[in-house]
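**Student:** fold the following, please.
(chains A and B)
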Amino acid sequence: MKEKLDLLPGSLDLLVLHTLASMGPMHGYGIARRIEQVGADTLILNQGTIYAALVRLLQRKWIEAEWGTSENYRRARYYSITARGKRQLASETETWQRMADLVKRVLDAAL
Amino acid sequence: MFDSRRLDADLDEELSHHLQALVDDNIKSGMEPDEALRHARVTLGGVAQLREIHREARGIAWFEQWQRDLHYAFRLFRREKGFTAVAVIIVAIGVSLNTTVFSLVNTVLLRPMPFAQADRLVWITNGDPHAPLSGATSSIDTWEGLQEMSRSMDRIEGYSPFSVLQTFRLTGKGDPETISSVTVSHGLFGMLGVQPQLGRLFLPEDALKNAPFRVVLTHRLWLRRFGADPGIVGGTVQINDAPAEVIGVLPAADPFSSVFFPAVPVDFYSAVQNDIMRGDGNTLFLIGRMKPAITQGQVEADLPLAIAQIKKKYPSRGQYMAAVGEPLHDWVAGGLRKPLIFLWVSAGFVLAIVGFNLGGLLLARGGSRRREMALRMALGASRGRIIVQLLTECLGLVAAGSLLGGIVSWGFNGLLSTRAAVEIPLLQYLRLDGTSLAYTVALCLTTAIICGVALAWKLSGGWQMQNPLNEGSKGTSGGPGRSRTRNILVILEVALAFSLAVSATLMVTSLRNLLKVDLGFRPADLVAVRVDPPVQASQAAYIESALDRVRALPGVLQAGATDCIPVERDRSWPLYPVVPDKPNDQRWQGAHVRIVSPGLIRAMGTSLLSGRDFERSDEKGPPVIIVNKTLATHMWPTSEAVGHQVHFPPPIGGDNGVTMTVIGVAGDVLSAGPEQPAGGEFYLTLGQFTYSASWDLMVRTKLPVAVLTAGMRQTLGSLDPNLALTKAREMQSIVDRTLSSRRLLASLIGGFAAVAIGLCLLGLYGVVSYMVAQQTREIGIRMALGADAAGIQRDILGKTLALALCGLGIGLCGSVLSGFLLRSLLYGVSPNDATVFALAGASLLACAIGAGYLPARRASQVDPAVALRAE
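**Tutor:** Residues are numbered from 1 along each chain as shown, chains lettered A, B, ... in the order given. Next comes the predicted model:
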């Protein structure tokens, strides 16, 4: 079995934004689950760290939060992406992909 | 930060929701409850740690973190007392100088003057504001005319600058005393917003021709003479043997005299009585208040127009009038703008030196802390955290220094504001106000941030490259980057100190040149004793018999009397030469006038170039006059002046004017002080001139002033038992007063330069000592290989001098620039004077040698065996 990956710094924020953009408003647990599902077994996620990412995104006004009731009738905090967050996601996605492309090209050429 | 508890609670609730959801899911997938909970906890992570991460992410922790840094910094300071003390004192010096200078700049230049609507006040002069007083002042007729015709002025008020030189004898309860006053227009105080502490100020009826003599006392006279008795208001005091009604007392802060008569103790004010002063010619300085929404440009256009209208409507008032207005604050502060700004810049230089010095000290200390920093980084501190930590330390040091500096500056301000002999307007209003404090805080923060950030950057970088943890204590690598930075800092210090030293030398040389100027009289060993003859006495007879008695005193060499001490009094009268075949040639000009007794010219030490002095017999003879060389050459360029005649037009020469014969030519006297060239002057004798005035007995003696006045009191007592003799001054101190602001400037710049050189010495010493410490091993090896101690010493001194010379090179450019700024303040010395530069350079090189000497000696005493074994 392959070794699991640590997240690169900053990538968690991007993943959270993306999740919120594609899935609509979610609570912290939902987001963590979703990221884990998509990342399958390749990712070590200390699920609690997601809350640090959420607070960072809140402070930058890329997402907003609202208290609501979860599917099993518990009080939970729901996060949703803002217009600014969507713009940020678009630009960061592009940067990320260009960077990934670049790294891949360099590595391919080296071999 | 303040709702952090709520945010923590929110997080706790979210986490517990998360945990519960995890447990639910785990149970759903078939785990036992215990197992499910344990598994959930692992997945989520430790709650305490999560809370910490969360706090840091939302930026709560910084304050607590910072408190911890501060605490750590203080522990460090307590451990390194010597370093801390030096750093704090250096900063305190820089901050106190800067705060004091800023307070001065703020008081004189920046802050509005302490008058009502100060920005609307206009200084109105009779054409040329820089003319001698009699040319710059305006007559009562001009004043009344402007009040009538001006469209831009709300009000125009005035005061008589001549009145302050007239003294009065105050008698009544207590010893007789000589007091001085200023005559002001009745509305002046009201316009300026001055309020009485007791009683009232002047009213229009006080200005009427036959109004009783009414006075407003200043606070200082009221305290000193009347024991702060509020009952004095409404009562009378005896001034010049006549009753004067006291209508009010001013508060302790007297903005009028502190602006217009700094360094003159004013005792009371009286009101201008238009009809009495109308015949006296130009006597008033006018201050106008612009109507709202009027601009300076409109004032400049309006005043000449008003003058033209006056001339048209009242042709009998004469044609010699003009009016020029400038903002009052410009007139008051104008002459001080350049020196103060220069002082400000110099203080900035001192602060920069302080900053560089502190930076150097911190870097040196940083050397011994690299291991600590590396350890902390290895344990996971981020570069940002370390920068904040170092900045905090730096801020702590600078804040402590600034606090100390602020206190010192407060003391300086107090000292300066009570320097009553310094002719700087508003000096009494000098204090640390909010603006000055804000300026200090800004200075403090700037210094801390510049020093701290530079240091932190330097220290927190570089570990990635090499690991000091492994380095041991090998002294060989001093961190080349850091010592280069320190060298640059110290070179900059030398450069700035050199510029300051050049400025200081230039200022001091100017002052010395001015002190050496031949004034045309000898102020040393000359005492001026003020005498106000009783009003009913014959002035000439009184003065003559007083002089006879004084001349007979043991220790008195010569004595004479004058109504006008050069340097102090500035008054001119018009006169023209009489040319027999051309009776209409009236090349009149204004010249300084002195009414004197026989013997005065000799007592002053002024030379008589030709002809003779006045004699007592002139009293009954034809009118005679003595002119000075400048006036003689101007009037009779081709022939000897003695024997020619001059004519005084009315009103000075009586209703028909008077013609006088020149009997002598005296040497020029620099009436306006050493910085102004001589002008025309003439002397009249008091025997021929019935004129009631204050007289100064000019006594040439080596006796101390107190001994002289005691002798005089005794011998003059039988002549006039009410004689005060409380105003006896050394002529030298009167001359010095004209140089007081220059002297203050020179001593401040000199002080700055001394501080700068001292700091430089410290900086150089630090750098060279560090260099020696770093090279101990190398020196040891060289000594072991046979290098001699003198050679090592020369080497170290040479390196010190090289640093200093680099600094001098850069400083040379700076000095040329500051010399350029200074040039209008210099006297008798060029801003590029080679001797001055050589002197300043030599003093800095001497300081460099001094700084290098101790470390060099230490280096030469290195014992090779010890140095090599020390590893």
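**Student:** got the contact list for B:Gly687?
**Tutor:** B:Ala540, B:Glu544, B:Phe614, B:Arg616, B:Asp618, B:Glu619 (CB atoms under 8 Å, 6 or more residues apart in numbering or on different chains). The C-beta positions use only the backbone N, C-alpha and C, and glycine is treated the same way.
**Student:** check it and give its pLDDT.
**Tutor:** pLDDT recorded at B:Gly687 is 81.
**Student:** neighbours of the closest residue in space to it that isn't next to it in sequence, how many?
**Tutor:** In this structure, B:Gly687 finds its nearest non-sequential neighbour in B:Glu619, 3.3 Å apart by CB to CB, 6 or more residues apart in numbering or on different chains. Residues lying near B:Glu619 (other CB atoms under 10 Å in any protein chain shown) number 16.
**Student:** where does chain A have low pLDDT?
**Tutor:** A:1-10, A:40-45, A:110-111 (pLDDT under 70).
**Student:** tell me how far the residue nearest to B:Gly687 lies from B:Phe689.
**Tutor:** Noted for B:Glu619: a distance of 10 Å to B:Phe689, by CB to CB, to the nearest Å.
**Student:** and if you look at B:Glu640?
**Tutor:** From B:Glu640 to B:Phe689 the distance is 25 Å (CB to CB).
**Student:** now do the contacts for the residue of chain A found nearest chain B.
**Tutor:** Closest residue of chain A to chain B, CB to the nearest CB: A:Gly48 (3.7 Å). For A:Gly48, the contact set (CB under 8 Å, 6+ apart) comprises B:Leu15, B:His18, B:Leu44, B:Gly45, B:Gly46, B:Val47, B:Gln49, B:Leu50, B:Ile53.
**Student:** hang on, the earlier thing: filter the contacts of B:Gly687 down to the ones in helices?
**Tutor:** B:Ala540, B:Glu544 (DSSP state H).
**Student:** of the contacts of B:Gly687, which is the most crowded?
**Tutor:** Going by other CB under 10 Å, B:Phe614 tops the contacts of B:Gly687 with 26 neighbours.
**Student:** let me see the contact set for that residue.
**Tutor:** Applying CB under 8 Å, 6+ apart, the residues near B:Phe614 are B:Val596, B:Ser597, B:Pro598, B:Val624, B:Ile626, B:Ile663, B:Tyr683, B:Thr685, B:Gly687.
**Student:** what about residue 26, how many residues close to it?
**Tutor:** Because you didn't say which chain, this covers chain A. Considering only other CB under 10 Å, A:Met26 is surrounded by 19 other residues.
**Student:** actually, chain B is the one I wanted.
**Tutor:** 19.
**Student:** and B:Ile156, that's in a helix?
**Tutor:** No: B:Ile156 is assigned strand when assessed by DSSP: H, G, I helix; E, B strand; the rest coil, not a helix.
**Student:** quick one: it and chain A, what's the gap?
**Tutor:** 62 Å (CB to the nearest CB, to the nearest Å).
**Student:** and stretch B:612-626, C-alpha only, in CSV?
**Tutor:** In CSV, the C-alpha atoms belonging to stretch B:612-626 read as follows (Å, rounded to 0.1, in the frame of the first residue of the first chain):
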residue,chain,number,x,y,z
ARG,B,612,35.4,118.9,20.1
ASP,B,613,33.0,117.3,22.5
PHE,B,614,30.0,119.2,24.0
GLU,B,615,30.8,121.5,27.0
ARG,B,616,28.6,122.8,29.7
SER,B,617,29.0,126.2,28.4
ASP,B,618,27.1,125.1,25.2
GLU,B,619,23.9,125.3,27.2
LYS,B,620,23.8,129.0,26.8
GLY,B,621,25.6,129.0,23.4
PRO,B,622,24.3,128.6,19.8
PRO,B,623,22.8,125.1,18.9
VAL,B,624,25.5,122.6,18.2
ILE,B,625,25.6,119.0,17.0
ILE,B,626,28.1,116.2,16.7
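**Student:** for chain A, what lies in contact range of chain B?
**Tutor:** A:27-29, A:32, A:46-49, A:51-53, A:55-56, A:59, A:70, A:72, A:74-77 (CB under 8 Å from any CB of the partner chain).
**Student:** cutoff 6 Å now
**Tutor:** Contacts of chain A with chain B, taken as CB under 6 Å from any CB of the partner chain, map to A:Gly28, A:Tyr29, A:Asn46, A:Gln47, A:Gly48, A:Tyr51, A:Ala52, A:Val55, A:Arg56, A:Arg74, A:Ala76, A:Arg77.
**Student:** got those residues as a markdown table, with secondary structure columns?
**Tutor:** Converted to a markdown table, the residues of chain A next to chain B look like this (three-state DSSP):
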| residue | secondary structure |
| --- | --- |
| A:Gly28 | helix |
| A:Tyr29 | helix |
| A:Asn46 | coil |
| A:Gln47 | coil |
| A:Gly48 | coil |
| A:Tyr51 | helix |
| A:Ala52 | helix |
| A:Val55 | helix |
| A:Arg56 | helix |
| A:Arg74 | coil |
| A:Ala76 | strand |
| A:Arg77 | strand |
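**Student:** any of these buried? List them.
**Tutor:** A:Gly28, A:Tyr29, A:Asn46, A:Gln47, A:Gly48, A:Tyr51, A:Ala52, A:Val55, A:Arg56, A:Ala76, A:Arg77 (16 or more other CB atoms under 10 Å in any protein chain shown).
**Student:** tell me the one of those residues nearest B:Leu500?
**Tutor:** A:Arg56 (50.7 Å; CB to CB).
**Student:** report the contact partners of that closest one.
**Tutor:** B:Ala57 (CB atoms under 6 Å, 6 or more residues apart in numbering or on different chains).
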